[in-house]
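Q: the sequence isn't on hand, but the structure is:
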């Protein structure tokens, strides 16, 4: 059975905005598929850390990523992330992965590899159920630039840090307010300044806030 959504909704934004939750709920409400592309980068990051590979060694990171079997479920009612057949949905959300994922995501060969896989998953999901809501950082600009609807979801670093801290506390993970804020700000800087597919709002995206659009911090700049 196909749902009400036809095609692709691209939902981008920085860390901690809740875009994955929004994307999953929207997909479920519309009877569409759901793809969390960030989970794919986190799967590679977990594999890199577990293998003891230096996250700054781009060649080694890319070589490891090429041989991984990544499985990210596209059913919004049953999200799952598996690495080489093992469910690691909890492991990819730890502070350990948070601290390293931006470095791994910045490797051009990793991005090229995962963008190909993401496009294949999008095409397969659209063919199967009619539509898909995709969340990430470069969906509207790189992965699905022709998506008819693009949304850029953001909020202040303080609000996003508070949300991330609440998630960690609810999951039983230690959450230091200052450390979480520093982590969010660090990821913003790394994700928006990387050479390969930097985080930014697509020119034709609808933004959740426009208060910074005239400043040097605007995500469109």
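A: That came through fine. Everything numeric here is computed off the predicted structure, so don't read it as measured data.
Q: show me where the chain has helices.
A: For the chain, the helices defined by DSSP state H occupy 19-30, 37-51, 58-66, 95-105, 108-129, 157-170, 177-193.
Q: out of the ones you listed, flag the one nearest residue 148.
A: Residue 148 lies closest to helix 108-129 among those, at 11.9 Å (CB to CB). (Each C-beta comes from the backbone N, C-alpha and C, glycine too.)
Q: return the distance of that closest one from the chain's centre.
A: Remark: helix 108-129 is offset 13 Å from the chain centroid, using CA atoms, centre = their mean, to the nearest Å.
Q: next, the buried residues of stretch 125-140.
A: 125-126, 129-140 (16 or more other CB atoms under 10 Å).
Q: who wins for proximity to residue 72 among the helices of the chain?
A: Evaluated over the helices of the chain, closeness to residue 72 peaks at helix 37-51, with 5.2 Å, by CB to CB.
Q: for the residue nearest to the spatial centre of the chain, give its distance to residue 190.
A: Note on the chain: the residue nearest the mean C-alpha position is residue 38, at 2.5 Å, using CA atoms, centre = their mean. Residue 38 sits 14 Å away from residue 190, going by CB to CB, to the nearest Å.
Q: so how far is residue 50 from the closest residue to the residue nearest to the centre of the chain other than its chain neighbours?
A: Once flanking residues are discounted, residue 38 sits nearest to residue 136: 5.7 Å by CB to CB, 6 or more residues apart in numbering. According to CB to CB, residue 136 and residue 50 sit 23 Å apart.
Q: and for residue 203?
A: For residue 203, the distance to residue 50 (CB to CB) stands at 39 Å.
Q: and residue 207, what are its bridge partners?
A: residue 152 (DSSP bridges).
Q: and what of residue 134?
A: Beta-bridge partners, per DSSP bridges, of residue 134: residue 10, residue 35.
Q: and it, what does it touch?
A: 8-11, 23, 34-35, 37, 118, 122, 143-144, 147 (CB atoms under 8 Å, 6 or more residues apart in numbering).
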